[in-house]
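Provided below for reference: sequence and predicted model.
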Amino acid sequence: MSKPSSFSLRGRKALVAIKDERDALIVKRQFERLGIEIVTWEPGATIDCRPDVTLIDDEFLPLASPAQRTSLGRSPVIALLGTETPSRLKLVLDLDPASFLVKPLRSAGIYAALVLAFERSERTSELKQQVLKLEQRLRSRRVVLAAVLQVMHTHALAEPAAFALIRRAAMEQRKTIEELSAEITAKGSLPRATG
């Protein structure tokens, strides 16, 4: 199933922790228009749902429980800022917000903050996946280097020629260079192509 568009908000669930009743009413009305289900949360209570987004008032910070911080970290966070003091901003930054709104709230800007939060969350997730892949490839470079050295020694080749030989063999066998390099280091020689 594909991910919903950042612009399509109907059917999403929001965890909302807002101190001021006027601000809470504005968010409630706007979310109803957008088709977002609201789950009201009081800091100190357990979070027993899996929200798509969290709106949290900076007056509820800092969160005392590590479990609460972990639960909030699973979805994009939109911080509601009342003051711009450095200490308050530090507390907000500790949540790693995907977007923010300035209090007192108005209905204008809520949709934009939601879209930006969902889009940032999606992009951050994609970047984390890319980093994991790159870290894996970096770890496998040791294996590739060992295989290149082994091929250099057994075939009396220079480094570029040994790597080219491994690359060509990997392409012929429809394997990644890393997979073939692992086989070379395990078997002690360049495997023969099958088929």
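The structure has been received and is ready for your questions.

what about the helices in the protein?
Taking DSSP state H, the helices of the chain run over residues 21-34, 66-72, 86-94, 110-155, 159-172, 177-187.

restrict the helix or strand bottoming out on mean pLDDT in the chain to CA atoms and write it as PDB.
Lowest by mean pLDDT, DSSP states H and E among the helices and strands of the chain is helix 66-72, with a mean of 70. Extracted in PDB, the C-alpha atoms of helix 66-72 (Å, rounded to 0.1, in the frame of the first residue of the first chain):
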ATOM      1  CA  PRO A  66      11.200   9.000  28.600                       C
ATOM      2  CA  ALA A  67       8.400   6.800  27.400                       C
ATOM      3  CA  GLN A  68       6.400   9.900  26.500                       C
ATOM      4  CA  ARG A  69       9.300  11.300  24.500                       C
ATOM      5  CA  THR A  70       9.700   8.000  22.800                       C
ATOM      6  CA  SER A  71       6.000   7.800  21.900                       C
ATOM      7  CA  LEU A  72       6.000  11.300  20.500                       C
END
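
what packs against it?
If contacts are counted by 3 or more Cβ pairs under 8 Å, 6 or more residues apart in numbering; DSSP states H and E, helix 66-72 sits against no helix or strand. No exception for glycine: its C-beta is placed from N, CA and C like everyone else's.

let the chain start at 22 from now.
Okay, residue one is now 22; in that scheme the one you just asked about reads as helix 87-93.

which other residues reach that helix?
Helix 87-93 has contacts (Cβ atoms under 8 Å, 6 or more residues apart in numbering) with 36, 64, 67-68, 75, 77, 84, 115-116.
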